[in-house]
Structure formats: C-alpha cells, structure tokens
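Colleague: here is the input, now give the coordinates:
(one chain, ligands or ions: 1)
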Amino acid sequence: MAEYKEIDSVAVIELKNPPANALSKALVTGLNNGVKRAIDNPRIKSIVLIGNGQHFSAGADITEFPRVADVTSKQGVSLLTVGDVIESCNKPVVSAIHGVCFGGGLEIALFSHYRLAVQSAKLGFPEVSLGILPGANGTQRLPRVVGFEVAMDMIVSGKPVSAPQALQYGILDKIVDGDLLTAAVQFAKTLNTVPHDRRLKNVPVPNSENANKHFEEKLAKIKQKQRGYIAPINCLKAVKASVDLPYSEGVTKEFQLFMELMSSAQARGQQYSFFSERAATKWYLSASKNYKVSKDIPVKTAGVIGAGTMGSGIAVSLLTSGIPVILVEQDSKNLERGIELIKSILQGGVKLKRMTQSQMNQILQILQPTTKIEDLQSVDLIIEAVFENLKLKQELFSKLDKICKRDTVLCSNTSTLDIDKIAKSTSRPEKVVGTHFFAPAHIMPLLENVYGNHTSAETIATVMKLSKKIRKIPVLVKTCHGFVANRTFFEYSQELRFVVEEGLLPNEVDDILEDFGMPMGVFKVNDLSGIDVGWRIRQEQAIANGFNLTTNTRYINGERYCAIADKIFQAGRYGRKTGKGWYQYDKPGGRVAMVDPNVNNIILNHCKELGLTRRKISTQEVIERCMFAAINEGFRCLEDGIASKPEEIDTIWLHGFGFPRYRGGPMFYASQVGLRKVYERIKYYQKHFPETSHWIASEMLQRIAESGRNVPISEWTKFNPTPTSSRL
Ligand SMILES: CCCCCCCC/C=C\C=C\CC(=O)SCCNC(=O)CCNC(=O)[C@H](O)C(C)(C)COP(=O)(O)OP(=O)(O)OC[C@H]1O[C@@H](n2cnc3c(N)ncnc32)[C@H](O)[C@@H]1OP(=O)(O)O
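Modeller: Okay, the predicted model is just below:
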C-alpha cells in the first residue's frame with residue numbers, strides 16, 4: 001500500500017493503491033509506518049512522498065466513508081494522525097506531485113514541509129461536491145498559504161488549480177521538468193532542517209483584512225446559485241474560522257462542521273451520485289458484449305446532419321474535442337444560420353475565457369459546412385439531428401446507408417423514436433444507434449445512448465467512448481418509445497399538469513419544484529423547450545395511435561388527459577421564443593418569467609368548461625405525485641430491461657434534468673423515503689386517480705416493498721431476475 005525505499009540519505013514513500021491512490025485505512029497506515037521508519041533511521045536525512053501510477057492521490061477513500069463511527073471513535077490511524085507525524089517530523093518532508101492531488105491527498109501535501117509538482121499536475125479540494133469539507137485541517141492550512149479569498153474560492157467551488165497556478169499561489173515551491181522522483185530526491189538532499197514557517201500551523205493567514213466582506217458576498221452567492229446545498233456553507237464557515245480563531249481552535253471548528261456534513265443526508269446523496277455516474281458508464285449486455293471486452297471504432301471524423309439548435313450544439317461538442325465535422329443542411333440559408341449559431345456559441349466561450357480567439361479560429365478550420373449529403377461518404381460516424389419524424393429519419397438513414405462507407409456508425413439524436421424502426425431502413429442495423437443529446441447540446445453533460453435489438457457491441461463501445469471524448473456523461477439504455485429520460489420525465493410532467501388542472505397555478509407548482517431543488521420548474525422548462533414542440537409530439541403520437549386530439553379531449557382510451565397545454569399552444573403561446581407560454585417574458589427569447597393573468601384565465605376557463613372544482617393542494621402532495629410517478633416509471637424501465645440498474649436512471653436525472661445532486665436522483669430519493677412508503681402512496685394515488693395508468697404500481701417495486709426488509713439500492717435488481725421488453 002505504501003512502499004518504502006531509500007535512495008542515499010532520502011527515504012522515498014510511494015503511495016500505492018491503484019487506480020488513484022485513494023487514501024484507504026490501509027494506505028494511511030502504510031504511510032504512517034513509512035514516515036516513522038524514516039524518522040527512526042539515523043542515516044535518513046529527508047523524506048519524499050510520491051504517488052505510484054497516474055496520480056499522487058485522489059484523496060480519502062470514498063468507499064470507506066459510510067463508516068462515520070470510525071471517524072468519531074478516533075481509533076486507528078487517520079489522516080490527521082499521520083498528518084501530525086509528518087508535520088512534527090524534524091526531517092524535511094517533500095511531497096512530489098503528479099496527476100491529481102485532491103482532497104486528503106492535498107492535505108497530506110500541506111502537512112509536508114515542501115511541495116514540488118510536474119507541469120501537468122492538478123491540485124484541489126473537491127470535497128464540496130461530495131457534500132463534505134476537507135476534514136484533515138485543509139480548511140485551516142490552505143488559507144495560511146494562499147490567503148482567505150483564494151482558499152475560500154478553491155474550497156467552496158471545489159475546482160482544482162493547475163500546477164502553474166498553484167506555484168503562483170505559493171502552494172507549490174517548484175515545478176520540475178523531467179523525472180519527478182529524481183528531481184524530488186535531488187531537492188530533498190539539499191534540505192537539512194525544517195524552518196518554523198514550513199509548519200503551516202505556525203503561520204498566520206495572510207491577506208485577511210477583507211475577510212468579513214468576502215465572507216458575506218460569498219454567502220449571498222451560495223444562497224443564490226447553490227440554493228439548498230449545505231456543504232458550500234460549511235466549507236465557507238470553516239475557512240472563515242482560519243481567520244477568526246487560533247489554529248488549535250480552528251481545527252476544532254473544522255471538525256464540528258465536518259461531522260455535521262458527514263452525517264447529513266445530502267452527503268449520502270452526493271457521494272452516491274459520484275459512484276452512480278461511474279456505475280452508469282459500465283454497460284453490460286452479456287459476457288461477450290460489455291464495457292470491458294468490446295472494442296470501439298476510432299472516430300477521427302464525424303458528420304452532423306441538421307444545423308438547427310441541436311445539430312449546431314452537437315457539432316460544437318465534437319469540434320471543441322478536436323473531431324473534424326462535416327455539417328450538412330438541405331439549403332444554404334439554413335446552413336448559413338447554423339454556421340452563425342456555431343460561431344456565436346464559440347464566441348461565447350471566448351468571452352468567458354474558455355478559449356482564445358485563435359483557438360476559436362482553429363476550431364472553425366475543422367468545420368466543413370455543406371449542402372451535399374454525399375460529402376459524408378467517408379466519415380467514421382454521423383449524428384442525425386433533423387426534425388423528430390420517423391418517416392423523415394427513415395428516408396435519411398436509407399440514403400446514408402447507400403452513401404457511407406460500410407463501417408460508418410449511424411447515430412440518431414431522436415429523443416423518443418424506436419431505434420429499431422430507424423435501423424430497419426438500412427442494410428446495416430448493427431451500425432445504428434441512438435445518441436440522445438439534451439439541449440443545449442454543447443452544455444448539457446448527459447448523453448443517453450440507445451441500443452436497438454441489432455446494434456452491435458462495437459457500435460455501442462464506439463458511442464460510449466465518443467461520449468467521454470466529447471466530455472459527456474454517458475448512459476446506455478435500450479430502445480423503446482421515449483427511452484428512460486423522456487419516459488420518466490413524461491410521467492413527472494403529466495402529473496404536474498394534472499395538479500394544475502386540479503387546483504394550483506403553474507408558478508405555484510414551479511415554486512414547489514424549485515424549493516425541492518430542481519433548477520427550474522417544469523412549466524419554465526416547457527417554455528424553454530417550446531410549447532409547440534410538446535404539442536407536435538402529442539399530435540404525432542395521437543395520429544400514430546389512430547385518435548383525434550382536440551382541446552376538449554379528457555380521456556384517451558380511458559386514460560386521463562389534460563388539454564391545458566394544448567390550449568396554451570392554441571393561444572399562440574409557444575414559450576420563451578415567442579415571449580409568452582406558461583409565463584409572460586420580458587421579450588421574445590427573454591429569460592425573465594412573469595406570472596400572466598391570461599394564462600390563469602385559460603386554466604380557470606378550462607376547469608369551468610369541464611365542471612371541475614379546484615382545490616388546495618399541499619406541497620407534500622405535489623412532490624409525492626410528480627416524484628412517485630417518475631419513480632414508478634423508473635421501476636418499469638428496469639422491469640422492461642430498458643435500464644439495467646437504478647444508477648442509470650439517477651444519472652439521467654442528475655445530468656439531463658438537473659435533479660439536485662444532494663438528493664442523488666429519483667431512485668435514490670425513493671430509497672431514502674423508503675420503498676414501502678413509496679409503494680403504499682402509489683397505491684393510495686391509484687385509488688384516487690384510477691383513470692391514470694402510471695399509478696399502477698410496478699411489480700418490481702411491489703416485490704421489494706413487500707419483502708419486509710429495507711433492501712439497499714445496490715440489491716434492487718435482484719428482485720427483477722428476468723428483465724423483459726414484453727410489455728412494450
Ligand atoms: C481522528 C478522527 C478525526 C478524523 C476526521 C477527519 C477525517 C477526514 C479527513 C480527510 C477527508 C478528506 C476528504 C477527501 O479526500 S474526499 C475525496 C476527495 N477526492 C475526490 O473527490 C476525487 C474523486 N475522484 C476523481 O475526481 C477522479 O476519480 C479522478 C481521481 C480525477 C480520476 O478520474 P478518472 O481518470 O476519470 O477515473 P474515474 O473517475 O473513473 O476513477 C477511477 C476509479 O477510481 C475510483 N476513485 C477515484 N477517486 C476515489 C476516491 N477518492 N475514493 C475511492 N475511489 C475513488 C473511482 O470510483 C473509479 O473506480 P471504478 O473504476 O471502480 O469505477
């Protein structure tokens with residue numbers, strides 16, 4: 001775990017816990033033993049700490065976190081004990097850093113007396129994203145190096161800094177070229193004693209005159225931008241303690257704030273999110289088709305068809321990842337509009353200093369706009385982003401099949417349509433796959449990849465790998481109408497329209513959702529995505545299923561239907577783009593949503609016409625109805641084999657819909673509420689709303705709820721031994 005060796009008078013202790021040298025109990029114990037061994041050896045004059053493999057250390061081992069009891073019992077060797085041993089050691093200790101030096105790893109480095117790094121190293125305290133704070137005195141030590149304001153920014157944001165930046169801040173003493181170990185040993189040999197100010201606990205916090213002002217400003221920002229999150233607030237308070245209190249009291253305050261977070265439900269949700277994102281990328285269809293064994297096709301060039309909002313955003317994601325793109329539109333006017341859109345997105349990046357003007361120009365050089373689809377003949381992968389219409393997509397894929405080289409992967413950015421039906425129009429269904437981006441495609445982190453019955457493992461591996469290359473978080477799901485994202489979101493939003501039909505106004509519903517932690521209420525989301533888009537999808541579905549949808553429709557095949565959204569559409573209110581939808585906006589395309597009495601009249605008249613008596617609906621009922629409807633559909637996705645584990649559904653909600661990370665995702669939320677309770681409330685709502693089939697409880701949920709025990713989320717799929725798509 002920690003390997004000890006001696007190079008002349010220098011002891012080298014190598015942290016070794018692949019893949020990221022997470023500081024497990026075993027590694028911390030090994031490190032402690034190594035330092036003590038060096039202290040006890042009179043021939044040793046200085047000590048170098050270095051990481052084995054790709055990183056110095058990714059910080060504390062998150063898998064050991066649930067054992068809060070270990071932390072409180074203060075037994076065994078902790079990061080704090082080893083930290084004290086390192087700091088009080090009379091032989092100079094040098095941390096030699098490469099890869100990442102995060103969290104507890106950076107704390108070890110700050111206990112050390114000197115820090116060296118290679119140019120590419122990254123240093124930071126990402127704890128806040130796990131719902132905690134740097135609990136091994138990081139909040140008291142970093143400010144003593146970089147001052148209050150920089151420490152506050154680093155710890156509250158969790159964002160790492162580059163080695164050159166760290167050098168500028170004084171976190172690093174030196175950036176080294178060449179072999180890190182050799183340079184660190186050479187450096188260590190020049191050291192004889194440990195000066196007083198090299199033990200950070202002896203040093204006052206510099207530049208802290210305006211700490212009160214910075215504290216208040218940051219607190220206000222956190223409350224506005226990270227509404228509902230407690231970790232950033234505790235991080236901020238802990239850093240402030242470094243200024244307000246002597247070191248020995250500051251660390252006590254840090255411990256108290258750390259423990260508050262460590263035992264919080266938010267930390268559990270955020271840590272679950274960390275692991276679920278990683279679990280979601282590990283796709284498995286069979287022993288010969290899975291993320292471990294299946295090989296991808298390298299994507300060196302790509303095509304994007306459709307230069308609308310989605311197509312342009314997708315093109316930007318590819319281009320900014322260094323993949324040359326041929327962008328196809330049917331006529332030069334639309335093509336020109338797409339190019340302008342791409343330029344304005346990139347220009348936004350320049351303004352935000354995410355790239356330079358010259359980098360933007362270089363990116364534009366690898367964009368080849370064209371109106372000739374034949375230009376796509378030799379690209380490795382194509383993403384189609386045309387209008388959501390099956391016939392149109394089938395015609396396009398049939399054309400591509402004839403034009404493109406045999407191994408080109410053909411992707412559809414459909415958000416709902418069955419991939420098998422699109423694949424059927426080609427002679428290469430094994431190369432057809434769904435890549436469902438979320439708008440705006442260059443910003444939203446989720447990529448819901450969709451395989452059909454004929455999609456090959458190679459094709460799946462290709463889009464999963466490409467997703468990571470273009471900095472997306474991929475989830476693989478099986479084809480069906482709406483996949484996981486839209487299937488579950490549909491039930492959530494439909495239930496909220498029913499709530500409006502029964503008594504609340506759109507802004508009242510949105511306020512409840514935003515207080516729950518959603519970044520935007522569902523009606524604001526509808527306005528953003530376009531009321532006309534939703535209307536068209538409902539019309540298409542109605543036509544496909546052979547029924548006529550009117551503003552008087554109340555039931556479809558016995559299922560409750562709410563026509564208020566259709567009435568909003570009929571009033572010419574298409575959402576933000578027209579300046580009015582469920583809300584009134586300051587201008588067409590504006591962002592400031594205001595309550596519009598005209599919308600309230602449409603709703604009230606709708607209820608009057610149908611003879612519906614409106615009632616007060618509690619916050620609890622609103623949350624239960626939208627969340628439990630989505631959760632029940634999530635369980636059905638598992639039953640149907642559309643999702644293979646709950647973590648996939650949660651990752652989709654976290655990164656596709658901005659579900660609050662501290663709640664982990666809808667399925668994790670269900671696990672926190674308790675599946676027995678969720679199941680009983682679903683049965684209750686089914687009794688009250690028998691004409692809504694999403695209240696028929698999933699059998700998988702029923703089995704777990706009735707098992708009589710609190711089944712952990714990692715074991716849920718055991719209650720679904722034969723996932724099947726038979727119901728679809
Ligand atoms: C005396 C009593 C009082 C004591 C009180 C105080 C005690 C507490 C003291 C200190 C507390 C410190 C807190 C921390 O240090 S929290 C950890 C902070 N670190 C992080 O958040 C880093 C998380 N990891 C990453 O950012 C990335 O994983 C990275 C290291 C950059 C590598 O990225 P990438 O190359 O993309 O690979 P993956 O993300 O897929 O990771 C590969 C596998 O490694 C696992 N991993 C990574 N980091 C950790 C970790 N810190 N702990 C456990 N496992 C980790 C990850 O899950 C992947 O695993 P798998 O392959 O199985 O999916």
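
Colleague: what does this protein have sitting close to the ligand?
Modeller: Neighbours of the ligand within the chain, by C-beta under 6 Å from any ligand atom: 19-20, 22, 55, 58-63, 71, 74, 78-80, 100, 102-104, 126-127, 130, 134-136, 278. To be clear about C-beta, it is placed using only N, CA and C from the backbone, and glycine gets the same treatment.

Colleague: of these, grab the buried ones for ChimeraX.
Modeller: In ChimeraX, this line selects whichever of those come out buried by 16 or more other C-beta atoms under 10 Å:
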select :20,22,55,58,59,60,61,62,71,78,79,80,100,102,103,104,126,127,130,134,135,136
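
Colleague: domains of this protein?
Modeller: Following automatic domain parsing, one gets these domains for the chain: 2-262, 302-484, 488-498+616-641+644-728, 504-508+520-614.

Colleague: quick one, helices of the stretch 351-500 of the chain?
Modeller: 357-365, 390-403, 419-423, 457-469, 485-502 (DSSP state H, counting those that start in this stretch).

Colleague: show me what contacts the closest residue to the ligand within the stretch 351-500 of the chain?
Modeller: Closest contact between the stretch 351-500 of the chain and the ligand, by C-beta to the nearest ligand atom, is at Lys468 (8.3 Å). Applying C-beta atoms under 8 Å, 6 or more residues apart in numbering to Lys468 gives the contacts Thr281, Pro474.

Colleague: repeat the analysis, applying 7 Å as the threshold.
Modeller: Pro474 (C-beta atoms under 7 Å, 6 or more residues apart in numbering).

Colleague: what's the answer for Ile305, then?
Modeller: Going by C-beta under 7 Å, 6+ apart, Ile305 touches Gly311, Val328, Ile382, Glu384, Ala385, Val386, Leu396.

Colleague: kindly recompute the last result at 8 Å.
Modeller: By C-beta under 8 Å, 6+ apart, the contact set of Ile305 is Gly311, Val328, Ile373, Leu376, Ile382, Ile383, Glu384, Ala385, Val386, Leu396.

Colleague: picking up where we left off before, could you dump the helices of the stretch 351-500 of the chain to JSON lines with mean pLDDT?
Modeller: Below are these laid out as JSON lines (pLDDT from 0 to 100):
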{"stretch": "helix 357-365", "mean pLDDT": "97"}
{"stretch": "helix 390-403", "mean pLDDT": "96"}
{"stretch": "helix 419-423", "mean pLDDT": "97"}
{"stretch": "helix 457-469", "mean pLDDT": "98"}
{"stretch": "helix 485-502", "mean pLDDT": "97"}
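
Colleague: closest one to Ala302 among those helices?
Modeller: Each of the helices of the stretch 351-500 of the chain was scored for nearness to Ala302 using C-beta to C-beta, and the closest is helix 457-469 (8.3 Å).

Colleague: what are the buried residues along the closest one?
Modeller: Ala457, Glu458, Thr459, Ile460, Ala461, Thr462, Val463, Met464, Lys465, Leu466, Ser467.

Colleague: equivalent analysis for stretch 703-717, please.
Modeller: So for stretch 703-717, counting by 16+ other C-beta under 10 Å, buried means Arg703, Ile704, Ala705, Val711, Ile713, Trp716.
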